[in-house]
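Visitor: Predicted model, plus sequence, below.
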Amino acid sequence: MKNGIFKYLPVIFATFAISTFSLSAAELNKGIVKESTAAYSVPNEEAKVSCYLSEGEELVIADETDEYYGVFIENNEVVYIEKSYIHVQNSPTFEEPVQKAAKQDGKQLAKGEEVVSYAKQFIGLRYRSGGADLQTGVDCSGFTQQIYAKFNIKLQRSSRDQFASNGRKVTRAELMPGDLVFYGVGGYVRHVAIYVGNDQIIHAPVPGKSVCIVPIQQRGDDPIIGYRRIFE
């Protein structure tokens, strides 16, 4: 394996010690995941799947083999992704998505924040399969549809149709509050949420739970399939 193995994995923005030499944080590359894919515990596709990485995720590259990059995820764990699935960035810094969006279009950001503010009023509303009523209960797409209806924007009823027909595609780096985040497997959309900012979403999760704010991606969730901006 190129450069040996890590003796230890300190925090990302500290000095890294590798068996034969040290790398400073400034020397580390970052990468952006091109499309959702599995990540492995070792650089071998026959190895155990550790997690799924989503399109647009920005990750620090910790290791490299002929066919794989080792990247850091939470708790400084290193997982391996095939090189074809990641675009390497040589710059050591990334702008926060919301800050970047604000510079590009402050008016659009303000509209998105209005959507988020309105959606937060329904935290605690129960999940109801097939529901599209902000008083009696909603499912995931019923929630997004009714939130946007407040702003005179008509969304399709299902998460799959919202992904196919509403708004325009944006990348993870372009995300701003109010954008829709879609989850699924094998190209099939199964869930939709509203991006809040700071890597969080608000959504109607599953039966037995209520509308809530959670991290944009949690271990065990369906991979993120894509993102769409509704306000133009």
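Guide: Yep, it's here. Numbers count the residues shown, from 1 in each chain.

Visitor: Could I get the buried residue list for stretch 57-76?
Guide: Of the residues in stretch 57-76, 57, 59-64, 68-73 count as buried by neighbour count, 16 or more other CB atoms under 10 Å. Any C-beta I mention is one placed from the backbone N, CA and C, and that applies to glycine too.

Visitor: could these be laid out in a markdown table, adding pLDDT?
Guide: Listed next are the buried residues of stretch 57-76 as a markdown table, based on pLDDT from 0 to 100:
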| residue | pLDDT |
| --- | --- |
| E57 | 82 |
| L59 | 82 |
| V60 | 83 |
| I61 | 84 |
| A62 | 80 |
| D63 | 84 |
| E64 | 84 |
| Y68 | 87 |
| Y69 | 87 |
| G70 | 85 |
| V71 | 84 |
| F72 | 82 |
| I73 | 77 |
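
Visitor: tell me which of these is nearest to V116?
Guide: E57 (21.6 Å; CB to CB).

Visitor: list the contacts for that closest one?
Guide: I32, V33, R172, Q217 (CB atoms under 8 Å, 6 or more residues apart in numbering).

Visitor: Tell me what the first one is bridged to.
Guide: Listed beta-bridge partners, I32: E58, H87 (assigned using DSSP bridges).

Visitor: Out of the buried residues of stretch 57-76, which sit inside helices?
Guide: With DSSP state H as the criterion, helices contain none of those.

Visitor: Which of these fall in strands?
Guide: Here DSSP state E is the test, and the buried residues of stretch 57-76 give L59, V60, I61, A62, D63, E64, Y68, Y69, G70, V71, F72 as lying in strands.

Visitor: So which of these is the closest to A193?
Guide: For those, the nearest to A193 is L59 (21.5 Å; CB to CB).

Visitor: Look up which residues are beta-bridged to Y80.
Guide: Judged by DSSP bridges, the bridge partners of Y80 are Y40, G70.

Visitor: what's the pLDDT at it?
Guide: You'll see Y80 listed with a pLDDT of 88.

Visitor: Now do it against V49, distance only.
Guide: 10 Å (CB to CB, to the nearest Å).

Visitor: for Y127, same thing?
Guide: Counting by CB to CB, the gap from Y127 to V49 is 28 Å.

Visitor: between these two, who's got more neighbours?
Guide: Set side by side, Y127 and V49 show more neighbours around Y127, with 21 against 12, by other CB atoms under 10 Å.

Visitor: Contacts only, for the more buried one.
Guide: Applying CB under 8 Å, 6+ apart, the residues contacting Y127 are G137, V138, D139, A204, P205, V206, P207, G208, K209, S210, V211.

Visitor: how far does the longest helix belonging to the chain sit from the chain's center?
Guide: Ranked by number of residues, the top helix in the chain under DSSP H is helix 106-120. Computed by CA atoms, centre = their mean, to the nearest Å, the chain-centroid distance of helix 106-120 equals 19 Å.
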